[in-house]
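Novice: Predicted structure and sequence below. I'll ask about it afterward.
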Amino acid sequence: MGRLQRYLRSLTPSEWESLYTEAQKELRGHKMRSLLERLRRTSAPQVLNPTEKELAKRIERWIWKHAFIQAHKSHPIYASPPIEWISKGALLYHAKGLSTDALALLRGEVHLPLEKLTLLFLRLKIQIESGAAKKASKTLREIEHISDHLRRSIQRERLQLTLWRLLNEYGGSYTEIGQRFLRRLEKHPYWKHTHGTASEESVADTNLRILYALAKGNPMEAYKLCLDKTAQSHPSILLNRWLCSIMLKHPLSEYLSYDTLYTTKLSEYDKATLLNRVLLTLLIYGSPAYLTSKLSLLEHWYLSSGFLPENGLVWLQLLWLCGKSEEAIKLSENLLEKVEGKPFTYIQVALMLLLIYAENHKWNKLVQHLRRLLYWLKRVEKFIASAPVMHKLLRQLYQARLRPQVLSAVAERWKKHLASYPTERYFWEITLLPDWIEARLSHQGIIGYRQNAHRASVTDLEALIQKATRVFPPL
């Protein structure tokens, strides 16, 4: 199925009705309108002849043009004009010899660097055509300055994506290759330069340094960076501070002071991340009885948020802790299909599922799943340093049928291993794995073990829920 057909098939009935009504007015020729209708109506992929392919290109361009016109038609004239309006206005004035007015228009306040560059290049064109060589040279210097700023921004984005992958795909469990790569990052020229103090740039730079500190397994350094005066109240900084605080086992009362998160309009991604922090805090600090009493509300929040693999991982553990093992198993199986491209998250989900099978004595399921997990660990051992160790320890536990003395030895071996990989250790400590090990060693189920582990007062937990209801929808 082609791109155009996929788009037309995805339209709601009302969207299609509106589009087709406009197409009947504007698209010339019966063949073009007929092809448009056919692509919408048929679910089977259409094989187009050369003539139809050309018509499909024209239909697609018309759809883009129509969408562009509609977007600008609805933009109020009392609001700040889009960059396209400013550019067109400047060209209109310049065409009538009003170059000074055109250039004045192009000096308006624009915030995005790419938009600034667009207007500057247009200003340069008008200045050159008007013979203003000296002013054109000044404009070129402005273009160079903004281009340099963009280069630094791109450099920062590249570093951020690299660190994000090291954390989210490999969990800080770096092989020797990964460790060498991290050491090379330390010598990157970005860290040596002084960066702008503009609010947005300062926040972006602080976030990058926080991510770098976490990648090095130093949440205390990351936490201190979160306290930077110029950026500490920004939502993204607060969300990072929250994660660091959980890793450092700070008291729950600290998270109740992040009021900016509940009073600022958040992006959908930040809202999903906030939900992650709320669910993660409840997972670490809440008792099974309290969590069960709030499960319907939390499920409503989870289902109404955008999908994040990290939220799925936390949610399946909450279900397990609330005694909803069957629901947790079903979610885990579905989640594994979605996170195959994120090796470390896959291992975390797979291990949680294995623990749930063991907790519920589903031995046949456990054996089948263990084989898949061992195969996966072999596949990723070049990328995740803990994979060979985990492979060996899981086989040892299976052969010993989880006997307490063997589990104790394995837990000690695992603890020593993670001491060499502090980043990964923190990512495991914010799961139920440590609790499951302690529960098993004390001959308890995880629910009974956690019921007796008082980590936070109900008053503080209730306060957190109440604050979160300002952002997330009520039942």
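Specialist: Received the coordinates, thanks.

Novice: and Ala204, how many neighbours?
Specialist: Per other CB atoms under 10 Å, the neighbour tally for Ala204 reads 20. For the C-beta atoms, the positions are set from N, CA and C on the backbone; glycine is no exception.

Novice: Figure out the helix or strand that the residue nearest to it when sequence neighbours are not counted lives in.
Specialist: Spatially, and ignoring its direct neighbours in sequence, Ala204 is nearest to Arg156 (6.2 Å; CB to CB, 6 or more residues apart in numbering). Using DSSP states H and E, Arg156 sits in helix 133-168.

Novice: buried set for that helix?
Specialist: Judged by neighbour count (16 or more other CB atoms under 10 Å), helix 133-168 contains these buried residues: 135-136, 139, 143, 149, 152, 156, 159, 162-163, 166-168.

Novice: lowest average confidence, helix or strand, in this protein?
Specialist: helix 176-186 (a mean of 81; mean pLDDT, DSSP states H and E).

Novice: Mind checking what helix or strand follows that one in sequence?
Specialist: The helix or strand immediately downstream of helix 176-186 is helix 199-215, counting by DSSP H and E.

Novice: between that next one and helix 176-186, how many degrees?
Specialist: Inter-element angle recorded for helix 199-215 and helix 176-186: 140 degrees (by axes from the mean of the first three to the mean of the last three CA atoms, to 10 degrees).

Novice: Reformat the buried residues of helix 133-168 as a markdown table; add pLDDT and distance to Leu182.
Specialist: A markdown table is the format used below for those (pLDDT from 0 to 100; distance: CB to CB, whole Å):
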| residue | pLDDT | distance to Leu182 |
| --- | --- | --- |
| Lys135 | 90 | 48 |
| Ala136 | 92 | 46 |
| Thr139 | 93 | 42 |
| Ile143 | 92 | 36 |
| His149 | 82 | 27 |
| Arg152 | 84 | 21 |
| Arg156 | 88 | 17 |
| Leu159 | 90 | 12 |
| Thr162 | 86 | 10 |
| Leu163 | 88 | 9 |
| Leu166 | 83 | 7 |
| Leu167 | 83 | 11 |
| Asn168 | 78 | 15 |
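
Novice: for the residues you listed, which one is nearest Leu336?
Specialist: Closest approach between the buried residues of helix 133-168 and Leu336, by CB to CB: Asn168, at 16.1 Å.

Novice: Leaving out sequence neighbours, find the closest residue to that closest one.
Specialist: Leaving out its chain neighbours, the residue that sits closest to Asn168 by CB to CB, 6+ apart is Lys342, at 6.2 Å.

Novice: so what's the one you found up against?
Specialist: By CB atoms under 8 Å, 6 or more residues apart in numbering, the residues touching Lys342 are Asn168, Glu169, Pro309.

Novice: quick revisit: tell me how far the helix holding Arg156 is from the chain's mean position?
Specialist: With CA atoms, centre = their mean, to the nearest Å as the basis, helix 133-168 stands 23 Å off its chain's centre.

Novice: any idea of the angle it forms with helix 176-186?
Specialist: Interaxial angle, helix 133-168 versus helix 176-186 (the same axes, to 10 degrees): 150 degrees.

Novice: What pLDDT is listed against Met1?
Specialist: Per-residue pLDDT puts Met1 at 61.

Novice: Let me see the ranges of the helices in the stretch 251-400 of the chain.
Specialist: Secondary structure of the stretch 251-400 of the chain, counting by DSSP state H, counting those that start in this stretch: helices at 260-263, 268-285, 288-293, 295-304, 309-321, 325-338, 343-359, 363-379, 386-399.

Novice: Make a markdown table from these and add mean pLDDT, distance to Leu464 and mean neighbour count to it.
Specialist: Output for the helices of the stretch 251-400 of the chain, formatted as a markdown table (pLDDT from 0 to 100; distance: least, CB to CB, whole Å; neighbours: other CB atoms under 10 Å):
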| stretch | mean pLDDT | distance to Leu464 | mean neighbour count |
| --- | --- | --- | --- |
| helix 260-263 | 88 | 11 | 16 |
| helix 268-285 | 94 | 6 | 20 |
| helix 288-293 | 95 | 11 | 16 |
| helix 295-304 | 94 | 11 | 16 |
| helix 309-321 | 95 | 14 | 23 |
| helix 325-338 | 94 | 23 | 17 |
| helix 343-359 | 95 | 23 | 22 |
| helix 363-379 | 94 | 34 | 15 |
| helix 386-399 | 93 | 32 | 17 |
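
Novice: Tell me which of those helices sits nearest to Leu27.
Specialist: Comparing these by CB to CB, helix 268-285 comes nearest, at 34.7 Å.

Novice: So which residues make contact with that closest one?
Specialist: For helix 268-285, the surrounding residues in contact (CB under 8 Å, 6+ apart) are 235-236, 239, 242-243, 246, 252, 255, 261, 266, 291, 294, 298, 301-302, 305-308, 310-311, 314-315, 317-318, 321, 430, 432, 455-456, 460-461, 464, 468, 471-472.

Novice: residue ranges with poor pLDDT in the stretch 1-150 of the chain?
Specialist: By pLDDT under 70, the low-scoring segments of the stretch 1-150 of the chain are 1.

Novice: Out of the helices of the stretch 251-400 of the chain, which gets nearest to His66?
Specialist: helix 268-285 (26.3 Å).

Novice: Export that closest one to CSV, keeping only CA atoms.
Specialist: What follows is helix 268-285, C-alpha atoms only, in CSV (Å, rounded to 0.1, in the frame of the first residue of the first chain):
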residue,chain,number,x,y,z
GLU,A,268,2.9,15.1,26.2
TYR,A,269,6.3,13.6,26.6
ASP,A,270,6.9,15.4,29.8
LYS,A,271,3.5,14.3,31.1
ALA,A,272,4.3,10.7,30.3
THR,A,273,7.7,11.1,32.0
LEU,A,274,6.0,12.7,35.1
LEU,A,275,3.7,9.7,35.2
ASN,A,276,6.8,7.5,35.1
ARG,A,277,8.2,9.3,38.1
VAL,A,278,4.9,9.1,40.1
LEU,A,279,4.5,5.3,39.3
LEU,A,280,8.1,4.6,40.1
THR,A,281,7.9,6.4,43.4
LEU,A,282,4.8,4.5,44.4
LEU,A,283,6.5,1.2,43.3
ILE,A,284,9.5,1.9,45.5
TYR,A,285,7.7,3.5,48.5
